[in-house]
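A.B. asks: sequence and predicted structure are below.
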Amino acid sequence: MPYAHITGWGMVVPEKVLTNDDLSQMVETNDEWIRSRTGICERHVAGEGETSASLAVEASLRALKVAKLKPTELDLIIVSTSTPEHLFPATACLVQDQIGATKAGAFDLLAACTGFIFAVNMAAQSIRSGAITNALVIGSETLSRFVDWGDRNTCILFGDGAGAFVLQADEEPGGVLSAVMHSDGSGGDLLVIPAGGSKHPTSAATIEEGLHYIRMDGREVFRFATRVMARATKETLESAGLTLEDVDLVIPHQANKRIIEAAARGLKLPIERFMINLDRYGNTSTASIPIATVEAIENNRLNAGDKVVFVGFGAGLTWGALVAEWTGPLPSERRVYPGWYRFWARIRSLLLRVVRLIEGILWGRHS
Ligand code: UT7
């Protein structure tokens, strides 16, 4: 039975930065309140032309370069997002087309901020079963497009960005060791975008009421988060046959520094064992764990052989954790330039559209 190793990683955030001082010009808040209550100092927000798919493509190409894997070798692409480009098609299909992953099946997964953990687990299980060899998992969000910039309860929290992992099959033991996934839909109303789906399709009335924006009961979500983070971490370690002493680094969902500190207290682990970078990115939802992972690697806090726990919570409600033995790229002499594939993918996509047009004319659809 093959093991599912994490062999590539990449992240990207939009260039535009929004500081706490910028926000204090927009709503009644201030830098001191935001820093002390959340730990956030600034966040990145998407500019014109930047979307969940464009950020996902960028992060993916970086991850593929690290793994030395061609897009054409991918079997599966999962995009975890709560801010897809459209209700359909899936953002994953747009990514598949733009990177030229010619043989990959692609779909989106929605489990809010926990989504990246769920998606990595799904990809790992597919590899472990022997069904596939190479997978790309992306967490990508443009939450700034769904934030009510007049609501100080939510607009101070969120940021945009994307992160990606490449997972590959290998006979060498290691990689994803275990994961737990949990949900409680009875808390669905605590963090929700009420309209724009099939229950309340967009209308003048839903827009008038602002139902297309994120609504959150911050205190309740806070209470829920502090309850589940430590519990999920212990559960996944137990099912991997590991203990807290084995853990080199915990990479939690970056929602609020106080939530992470509460998890550290609950686990009786020093806070230094936790990766925290929300001060510069805010809460990028499902992208926060892969973004924090890339920074942990760049800062030498995560190295081959380390045991790392990813743990998160979010809307749904959902929560989960995953433990992995960190691998790094599989040994390979070859050089891969995934960026080239983006160029050829564009030409391929255009040709496919032209062929579809010609077929339509030949079969009479355009007559
Ligand atoms: O990925 C999951 C996404 N969601 C979360 O992780 C959210 C989890 N919740 C939180 O992080 C925290 O609940 C918040 C950061 C959202 C709020 O912090 P809090 O310590 O729970 O504040 P609070 O809601 O209890 O509000 C305390 C006070 C209130 O004033 P009063 O009623 O005590 O007079 C608020 O009106 O702070 C006020 N307040 C603000 N003041 C300045 C709320 N938002 C702000 C603000 N600036 N932005």
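C.D. replies: The structure has been received and is ready for your questions. Numbers count the residues shown, from 1 in each chain.

A.B. asks: whichever helix or strand Lys234 is part of close to the ligand?
C.D. replies: According to DSSP states H and E, Lys234 maps onto helix 218-239. Yes: Helix 218-239 comes into contact with the ligand (C-beta under 6 Å from any ligand atom), by way of 218-219, 221-222, 225. All C-beta atoms are positioned from the backbone trio N, CA, C, and that covers glycine.

A.B. asks: could you count how many residues lie near Met26?
C.D. replies: 13 (other C-beta atoms under 10 Å).

A.B. asks: tell me how far it lies from Arg37.
C.D. replies: As judged by C-beta to C-beta, to the nearest Å, Met26 and Arg37 stand 17 Å apart.

A.B. asks: ditto for Val13
C.D. replies: With distances taken as C-beta to C-beta, Val13 is found 22 Å from Arg37.

A.B. asks: go on, Val323?
C.D. replies: With distances taken as C-beta to C-beta, Val323 is found 30 Å from Arg37.

A.B. asks: the two: who's more crowded?
C.D. replies: Under the neighbour definition other C-beta under 10 Å, Val323 and Arg37 were set side by side, and Val323 has more, 26 against 16.

A.B. asks: and the helix or strand hosting Leu23 with the ligand, contact?
C.D. replies: Secondary structure assignment for Leu23, by DSSP H and E: helix 20-24. No: using C-beta under 6 Å from any ligand atom, helix 20-24 stays clear of the ligand, coming no nearer than 7.7 Å.

A.B. asks: what sits up against that helix?
C.D. replies: Helix 20-24 is contacted from outside by 29-31, 34-35, 40-42, 155-156, using C-beta atoms under 8 Å, 6 or more residues apart in numbering.

A.B. asks: quick one, phi/psi of Trp340?
C.D. replies: phi -60, psi -40 (degrees, to the nearest 10).

A.B. asks: check contacts around the residue of the stretch 201-350 of the chain found nearest the ligand.
C.D. replies: In the stretch 201-350 of the chain, the residue that lies nearest the ligand is Gly218 (3.0 Å; C-beta to the nearest ligand atom). For Gly218, the contacting residues are 153-154, by C-beta under 8 Å, 6+ apart.

A.B. asks: same deal with Arg280?
C.D. replies: Contacts of Arg280 by C-beta under 8 Å, 6+ apart are 41-43.

A.B. asks: ok, the closest residue in space to Arg128 that isn't next to it in sequence to the ligand distance?
C.D. replies: Once flanking residues are discounted, Arg128 sits nearest to Ala4: 5.5 Å by C-beta to C-beta, 6 or more residues apart in numbering. Distance from Ala4 to the ligand, counting by C-beta to the nearest ligand atom, to the nearest Å: 26 Å.

A.B. asks: and the stretch 251-367 of the chain, which residues reach the ligand?
C.D. replies: Residues of the stretch 251-367 of the chain found near the ligand (C-beta under 6 Å from any ligand atom) are 255-256, 283, 285, 314.
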